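> Just to be clear, the model below is a prediction. Sequence and coordinates:
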Amino acid sequence: MSPRYQNRIELLQGTLDLLILETLRWGPRHGYGISQAIRTNSGDILQVDTGSLYPALHRLERQKWITADWKVSENKQRVRVYRLTAGGKKQLESERSRWAQLSDAIAGVLNPAKREGEA
């Protein structure tokens with residue numbers, strides 16, 4: 001295994017939803033395209049396997065944050081193409097805000113001296 005793959009990070013519960021919604025903000029994609037975009041944009045650190053991706057896509061679809069249509073791909077295979085809904089865009093903004101709060105909170109724990117210096 002290459003060193004690059006040894007540093008993969010397990011996603012916090014709920015983080016995958018944020019990553020999927022963010023990826024679909026860039027435009028409609030099929031499942032494999034979503035997982036590739038997450039992997040590429042994370043510098044190969046985050047890799048989402050199908051056992052996690054498709055249940056998340058189905059959950060987001062049930063919540064009406066994404067919608068899916070069957071299309072024929074360039075290589076003539078039927079694929080489901082997912083797109084963000086208006087409700088999904090609102091949820092994405094909420095998730096991004098929560099992520100920013102979580103990131104700030106973790107940074108405060110990891111660097112308490114900086115936080116004390118701000119007071």
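Cool, the structure landed. Numbering: from 1, shown residues only.
> going forward, measure contacts and count neighbours with C-alpha atoms only.
Will do.
> Leaving out sequence neighbours, find the closest residue to Glu61.
Thr67 (5.7 Å; Cα to Cα, 6 or more residues apart in numbering).
> Hmm, the one you found is touching Tyr82, no?
Yes. Assessed by Cα atoms under 8 Å, Thr67 is found in contact with Tyr82 at 5.6 Å.
> Next up, the contacts around the residue nearest to Glu61.
Glu61, Tyr82, Arg83, Leu84, Thr85 (Cα atoms under 8 Å, 6 or more residues apart in numbering).
> The last one and Leu21: what is the separation?
Looking back up the chat, that one is Thr85. Here the distance between Thr85 and Leu21 works out to 10 Å (Cα to Cα, to the nearest Å).
> got any ranges where the protein has weak pLDDT?
Regions of the chain meeting the criterion pLDDT under 70 cover residues 1-13, 115-119.
> hmm, who's touching the helix ranked longest in the chain?
Longest helix in the chain, counting residues (DSSP state H): helix 86-110. Identification of contacts with helix 86-110 by Cα under 8 Å, 6+ apart yields Leu18, Leu21, Glu22, Arg25, Lys64, Trp65, Ile66, Lys114, Arg115.
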